[in-house]
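Student: This is a predicted model, with the sequence first.
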Amino acid sequence: MPANVHVIDHPVVQHKLTRMRRKDTDSAEFRRLVREISLLFAYEVTRDLPMATAEIETPVARMVAPVLADRAMCFISILRAGNGIVDGMLEVLPNARVGHVGIYRDPETLVAIEYYFKVPEDADQRHMVVADPMLATANSAIAAIRRLKEIGPLSLKLVCLVAAPEGIAAFQAEHPDVPIYTAAIDERLNEHGYIVPGLGDAGDRIFGTK
């Protein structure tokens, strides 16, 4: 296992990922599965969030209880497929802020090209979780993280459903300090830059496009 890579091998996550991989899974079910997996991912990637305490009153007594620190979380969607993961994570942390990085991969060169960037004003005071379903060539994730580092968030993590060994190597060569959370490390990339066996184009399968 490469250093700083966390494979979420929970049986429920693995079962849902298998259902997503099936070519006959339609867009409605695919979207639902992305949301469900993202809920489970949210618990894993937020294990080390900073905590504070608050005085509350239960039906029985007053107590000092743990709460999340203020302004703790910011989810970043690498458009467009990252939206599916962020939507699921927001069900766990609805008060998190959300940013968007628009990057597309040139079909000829596979180079990442930025076309949109918008994050919360206080993003430098938050822990960022960046969502990109497929870590294939990693060009988009590398470019997005490089851009986000300019802001100086409290921390950065990358979440993807499936990663290729080539993508992990490329990403870690550029950003060895950023942990990767994924449900699977697949075999390889094909000549078109797609993960094998993978699950196809996550954006097309989420939104029903080609």
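Tutor: Sure, I can see it. No experiment lies behind these values; they were computed from the predicted model shown.

Student: Please make it C-alpha for all contacts and neighbour counts, starting now.
Tutor: Will do.

Student: Okay, now the unreliable bits of the chain?
Tutor: 71, 110 (pLDDT under 70).

Student: For it, just list every one of the strands.
Tutor: 5-7, 51-57, 62-68, 73-79, 97-105, 112-118, 127-131, 134-135, 155-163, 180-185, 188-189, 195-196 (DSSP state E).

Student: looking at these, which is buried most?
Tutor: Mean neighbour count (mean count of other CA atoms under 10 Å) peaks for strand 134-135 among these, with a mean of 28.

Student: Each with direction, which strands does that strand pair with?
Tutor: strand 155-163 (parallel) (DSSP bridges).

Student: any idea how far the lengthiest helix in the chain is from the chain center?
Tutor: Criterion DSSP state H: the longest helix present in the chain is helix 27-45. Between the centre of helix 27-45 and the centre of its host chain there is 10 Å, according to CA atoms, centre = their mean, to the nearest Å.

Student: Ala170: what's its closest spatial neighbour, skipping adjacent residues?
Tutor: Counting by CA to CA, 6 or more residues apart in numbering, Ala170 lies nearest to Ala138, which is 6.5 Å off, once chain neighbours are set aside.

Student: Could you pull up the residues touching that neighbour?
Tutor: Gly167, Ile168, Ala170, Phe171 (CA atoms under 8 Å, 6 or more residues apart in numbering).

Student: With Gln172 instead?
Tutor: So Gln172 contacts Val178 (CA under 8 Å, 6+ apart).

Student: any chance of the strands of the chain in TSV, with distance to Phe41 too?
Tutor: What follows is the strands of the chain, written out as TSV (distance: least, CA to CA, whole Å):
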stretch	distance to Phe41
strand 5-7	10
strand 51-57	19
strand 62-68	18
strand 73-79	12
strand 97-105	17
strand 112-118	24
strand 127-131	11
strand 134-135	15
strand 155-163	8
strand 180-185	8
strand 188-189	23
strand 195-196	21
